[in-house]
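Chemist: coords please:
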Amino acid sequence: MADSDTTQPTGALPSLADMQHWTWVLGRAQQMMLEQGLATMTAGDALLPPIPGLTDPATLARTRDFWTDSLTLWQRMLDPATPAPRAESPDQARDKRFKDRRWHEDPVFDFIRQSYFLVADTMLAQVDALQGVDERQREQMRFAARGFLDAMSPTNFPATNPEVLEKTIATRGENLLKGLQNMLADLGKGQLTHTDQSAFELGRNIAMTPGKVVLRTDLYELIQYSPTTETVLATPLVIFPPWINRFYILDLSPEKSFIRWAVEQGITVFMVSWRSADATMKHVVWDDYIAAQIEAIDTIRSGLDVPAVHTIGYCVAGTTLAATLAILAARGEADKVASATFFTAQVDFEKAGELLHFVSDEQLALIRSLTPDGFLDGRYMAAVFNQLRGRDLIWNYVTNNYLLGKDYAPFDLLHWNGDTTNLPAAWHIAYLTDLYRDNRLAKPGEMTALGTPIDLSKVATPAYIQAGREDHIAPPESVWAMMRHLTGPRRFVLAGSGHIAGVVNPPSAGKYQYWRNDTPVDDFEAFVAGARETKGSWWPDWLEWLRAIGQEQVPATGSRTPGEGMLVPLGDAPGIYVRTR
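Modeler: From the prediction side, this is the model:
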C-alpha cells in the first residue's frame, strides 16, 4: 500500500509553521557548521596559532554569540512569542530614532531594529577588545565606529523606516521629491540646514538688546549695551565670545538672552563681536586675539574711567582670556581685571574629548589644503561640530527633511548654529597643534604671546569656572583642570546639559540644574561625589558671586549710557561684523 501523500499542492504558500520549521532547520545547520569551524580553530592541534582579534577564543566566542543571537532574532520575527536574545540597554530603550510604535510592535521592523542593535553592540565590543592599541587610538576607533553605525541606522533608509514608507504611500512619493529638493538646496550651499533660516533676522527677533558699537578695529567691534536700571555696578563687564561662532548665542530671543538679563540686573555690559576672517586676515595669530582682549579692557577702563573690569570668556575665548590674564600678571597689570568668568573653557587639553580626533597629521594637512587664501571656511567647522553629534545634528535631519520631506521648523539656537564664521587659517592650525595636540598651554613658559611667556600659575584673579555635565566639546573633567592651573580664589560650577544649553539657561525657563561643592577637593571625581544640586539656572549664583567682589553702585548716566560719554557710537547693535561672511 502506498504511503499517504502529505506534500502541499504545487504553488501553495508555506504555512507559518512550515516557515518556522525550515528556519530552525537552516539555522541549526548553520550553527552546527559554525561550531565545528570554531572547534577546529581552537583545538589544541590547530594548524595555526590563535590570531588576536580574529581566531583568539574571546573573539570566536563573540562571533558564536552574534550568530546565535541573530538566529534567535530571525525566529522571533516569525514567532513573536520567542524571547528576545538579550535585554535592551537603557540607552537603546530611550533611542529617539525608534520611537515610532511600529519599531516595537511590527515583527519585521522589530527584527530590523534589534538586528541593528546587535550589530552595533558587537562592533563596539570588538573595538573595546582590541589588543596592542593605546587608549587614544581606541577612542578614535570608537568614534569612527559610532559614526559608521549612526550612518547605517535603518532609520536613514526609506525601505527600512516604517514612518517613511507610510508617508511615501500616503503622499504617493511627494515626500521624497520634497526631500530631494531640500537635499539639493543643501548641496548647493554646502551646508546642512537645520531650521527655517527666513524665520529670524538680526536686530528684529534675535540679537536685539539695545546698544551701540563704540569701537571698531580690523578684528572686532566693541558693543556697549544701554542700561535699564537707575544704578549699575561700578565695575563694568566685558564678554569675549568664541570667534568660531557669532556672539549672539548670548543674545538670542529676549527670554533667552544672557546679555539682556545681565543688563536688567544692573550691570554695564560690553560685548566683543569678532570679524569673520577673509584673505586680508591670513596673518592673524593668537597674539592678535590676546592683544584685542587687552585693548577692549583698556578701552572700557578709559572710556568709563574705572580701574578694572569684570570679564567673561566663552570656549576658545575663555582659553585666550586665561592667557591674557597670565600676560597681564607678568606685566604687573593684573589689577586691570577684577574677575574672570569662564564658560566651558579649557586650558589643559589632555582630556579634551572627541575634538582630539581631529588633530592628526592627516586632519591638519586637510585643513591646509582647504585654506589656500589664508582662511578656513566656517562650513568646515560646522561640519566637524555636527559630526560630534551626528545622530542629532546630521542623521535626524536626513530622515526628517530628506526622507519625510518635512518643512524646517523655526529654532533660534539652530539658526545661530548655522550662521558660520570663517577662521584665520594660521592661528586655527596653530591652535589645534599647540593646544589640542601638544597641550603646550598647560606647561608654564612653553608658550609665548606678545613677547611674554605664559604661566597660568601666575593668574590670581578671582575666577568663576562653569562646565556642562553633558558637554561633548569641552568635557567637564577637562574644564575642571583649570582649577589646578589658576591660583586665585576659584568657584567651580557644574551645570546641567551641554556646551550651549548648559550656558544659555535663563532662570525664567526653570530648566536643568547645577552643582557646587564648597569643600576643597583635588579632582573632578571628588567634586561630583560631594556636590550639592540646585534646581534651575546657575546665573543667579554667578550674579551673587560677582556682586560679592564689589557692591559699589553708580548712576546709570553719562558714560554708562552709550553715546553720552567718551566712547563715540559708530552704529547700532548688533553691528556690522555679525552680518559679514
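
Chemist: tell me how far Gly575 lies from Glu362.
Modeler: As judged by Cβ to Cβ, to the nearest Å, Gly575 and Glu362 stand 38 Å apart. No exception for glycine: its C-beta is placed from N, CA and C like everyone else's.

Chemist: ok, now Asn175?
Modeler: Note on Asn175: its distance to Glu362, by Cβ to Cβ, is 39 Å.

Chemist: before we move on, what about Pro307?
Modeler: 49 Å.

Chemist: picking up where we left off before, so for Gly575 and Glu362, which residue has more residues nearby?
Modeler: Counted by other Cβ atoms under 10 Å, Gly575 and Glu362 do not tie: Gly575 has more neighbours, with 25 against 8.

Chemist: unless I'm mixing things up, the more buried one is touching Val213, no?
Modeler: Yes. Between Gly575 and Val213 there is a contact under Cβ atoms under 8 Å: 4.5 Å.

Chemist: overlap of the contact sets of these two?
Modeler: Counting by Cβ atoms under 8 Å, 6 or more residues apart in numbering, the shared contacts of Gly575 and Val213 are 221, 223, 273.

Chemist: which of those fall in strands?
Modeler: 221, 223, 273 (DSSP state E).

Chemist: residues in contact with the last one?
Modeler: With contacts taken as Cβ under 8 Å, 6+ apart, Ser273 has the following neighbours: 213, 220-223, 241, 246-247, 574-575, 577-578.

Chemist: what's the separation between it and Leu187?
Modeler: 31 Å.

Chemist: one step back: ranking the contacts of Ser273 by neighbours, who comes first?
Modeler: Neighbour max across the contacts of Ser273 (other Cβ under 10 Å) = Ile223, 32 neighbours.

Chemist: Thr193 is in contact with Ala409, correct?
Modeler: No. Between Ala409 and Thr193 there is no contact under Cβ under 8 Å: 11.1 Å.

Chemist: of these two, who's got more company?
Modeler: Ranked by neighbour count (other Cβ under 10 Å), Ala409 and Thr193 place Thr193 first, with 16 against 11.

Chemist: could you report the neighbour count for Gly502?
Modeler: By other Cβ under 10 Å, neighbour count at Gly502 equals 25.

Chemist: check contacts around it.
Modeler: Contacts of Gly502 (Cβ under 8 Å, 6+ apart): 344, 466-471, 495-496, 512.

Chemist: got a quick ChimeraX command for the buried subset of those?
Modeler: Buried subset of the contacts of Gly502, written as a ChimeraX selection, criterion 16 or more other Cβ atoms under 10 Å:
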select :344,466,467,468,469,471,495,496,512
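
Chemist: which one of the contacts of Gly502 is nearest to Arg86?
Modeler: Relative to Arg86, the closest of the contacts of Gly502 is Glu470; by Cβ to Cβ it sits at 26.8 Å.

Chemist: for the closest one, report the pLDDT, please.
Modeler: With respect to pLDDT, Glu470 has a value of 95.

Chemist: now for the closest residue to it other than its chain neighbours, how many residues are close by?
Modeler: Among residues not flanking Glu470 along the chain, Gly498 sits closest, at 4.4 Å (Cβ to Cβ, 6 or more residues apart in numbering). Using other Cβ under 10 Å, Gly498 has 18 other residues around it.

Chemist: same thing with Leu149?
Modeler: Applying other Cβ under 10 Å, we find 18 residues neighbouring Leu149.

Chemist: need the contact list for the residue lying closest to Leu432 once chain neighbours are set aside.
Modeler: Excluding its sequence neighbours, the residue lying closest to Leu432 (Cβ to Cβ, 6+ apart) is Val359, at 4.8 Å. For Val359, the contact set (Cβ under 8 Å, 6+ apart) comprises 432-433, 436-437.

Chemist: in stretch 557-564, what's buried?
Modeler: Of the residues in stretch 557-564, 559-562 count as buried by neighbour count, 16+ other Cβ under 10 Å.

Chemist: so which strand or helix has Pro307?
Modeler: Using DSSP states H and E, Pro307 sits in no helix or strand.

Chemist: repeat for Val528
Modeler: helix 524-530.

Chemist: keeping just the C-alphas, turn that helix into CSV.
Modeler: Output in CSV follows, covering the C-alpha atoms of helix 524-530 (Å, rounded to 0.1, in the frame of the first residue of the first chain):
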residue,chain,number,x,y,z
PHE,A,524,36.7,66.3,39.4
GLU,A,525,35.5,62.9,40.7
ALA,A,526,35.7,64.2,44.3
PHE,A,527,33.9,67.3,43.3
VAL,A,528,31.0,65.3,41.9
ALA,A,529,30.9,62.9,44.9
GLY,A,530,30.4,65.8,47.3
